[in-house]
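Sequence first, then the predicted structure:
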Amino acid sequence: MRAVDRGLLDRILEELRADGISVSDGFVPMPAVRALADCAALRRSRGEFLGARIGADSNLQRREDVRGDLICWLTGEQFPAETQLFAALEQLRLGLNERAYLGLVDLEVHYAWYPPGARYARHVDRPQGRSARRISVALYLNEYRSAADGGVLRIRGDDGRFRDIEPVGGRLVLFLSESREHEVLLTQVPRLSLTGWFRGRE
């Protein structure tokens with residue numbers, strides 16, 4: 001994993017303050033990307049992935065026209081590659097707190113696998129009436145990818161403009177959960193990521 005040093009932390013915080021979005025290429029090297037993708041494939045073979053739902057609490061529903069990915073929450077026993085990644089993300093959380101007093105207390109994360117033809121319509125990551133999710137996290141686990149493959153993350157600004165970020169393997173994207181509407185555009189090939197949130201207290 002990439003060392004979470006002062007230089008990296010300073011750049012991430014500078015980008016978040018300036019634009020609400022930070023992109024770090026090569027946060028995870030390709031051998032680790034492959035190892036994590038293998039972990040996800042094994043979990044899929046064991047039936048641990050379920051169709052993602054939208055809504056909250058008793059109103060949760062599966063709507064593939066809105067959100068077509070399958071997800072697997074990482075809440076229990078982890079494989080070694082996952083443990084190493086969690087250690088790096090924990091180092092990042094602690095560093096962000098130390099440098100900017102963000103009050104981040106934990107991380108919730110899941111794999112998100114998009115089959116060809118899937119997308120995730122425009123949304124925000126913070127459910128209405130809840131404030132715990134502070135920084136959204138996406139780490140891409142796609143070893144080979146071209147622009148024609150689709151599956152781009154489109155993040156919108158308050159001025160109506162948007163930024164498109166390709167899901168390149170090893171790339172880590174952080175953005176402010178409260179203020180950034182975003183979507184995953186239609187993917188033409190399978191798309192895999194680890195997606196989650198650094199959370200504060202409600």
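Structure received.

does the residue nearest the centre of the chain belong to a helix or a strand, and which?
For the chain, the residue sitting closest to the mean C-alpha position, by Cα atoms, centre = their mean, is Ala138 at 2.0 Å. For Ala138, the element it lies in under DSSP states H and E is strand 133-140.

Just give me how far that strand sits from the chain centre.
Relative to the mean C-alpha coordinate of its chain, strand 133-140 is positioned 4 Å out (Cα atoms, centre = their mean, to the nearest Å).

Report the mean confidence score over it.
Averaged over strand 133-140, pLDDT sits at 96.

Show me which residues of that strand are buried.
Neighbour counts using 16 or more other Cβ atoms under 10 Å place Arg133, Arg134, Ile135, Ser136, Val137, Ala138, Leu139, Tyr140 of strand 133-140 among the buried residues. (Each C-beta comes from the backbone N, C-alpha and C, glycine too.)

Could you give the bridge partners of the fourth one?
According to DSSP bridges, Phe175, Trp197 are recorded as the beta-bridge partners of Ser136.

Contacts only, for it.
Listed by Cβ atoms under 8 Å, 6 or more residues apart in numbering, the contact partners of Ser136 are Asp125, Val173, Leu174, Phe175, Leu176, Ser177, Arg180, His182, Thr195, Gly196, Trp197.

Not counting sequence-adjacent ones, nearest residue to Tyr144?
Leaving aside its sequence neighbours, Tyr144 sits nearest to Gly169 (Cβ to Cβ, 6 or more residues apart in numbering; 7.8 Å).

The one you found contacts Leu141, doesn't it?
Yes - using Cβ atoms under 8 Å, Gly169 is in contact with Leu141, at 6.1 Å.

before we move on, the earlier item: does the residue nearest to Tyr144 lie in a helix or a strand, and which?
Following DSSP H and E, there is no helix or strand that holds Gly169.

who's in contact with it?
Contacts of Gly169 by Cβ under 8 Å, 6+ apart are Val28, Met30, Val33, Tyr140, Leu141, Asn142, Glu143, Tyr144, Arg145.
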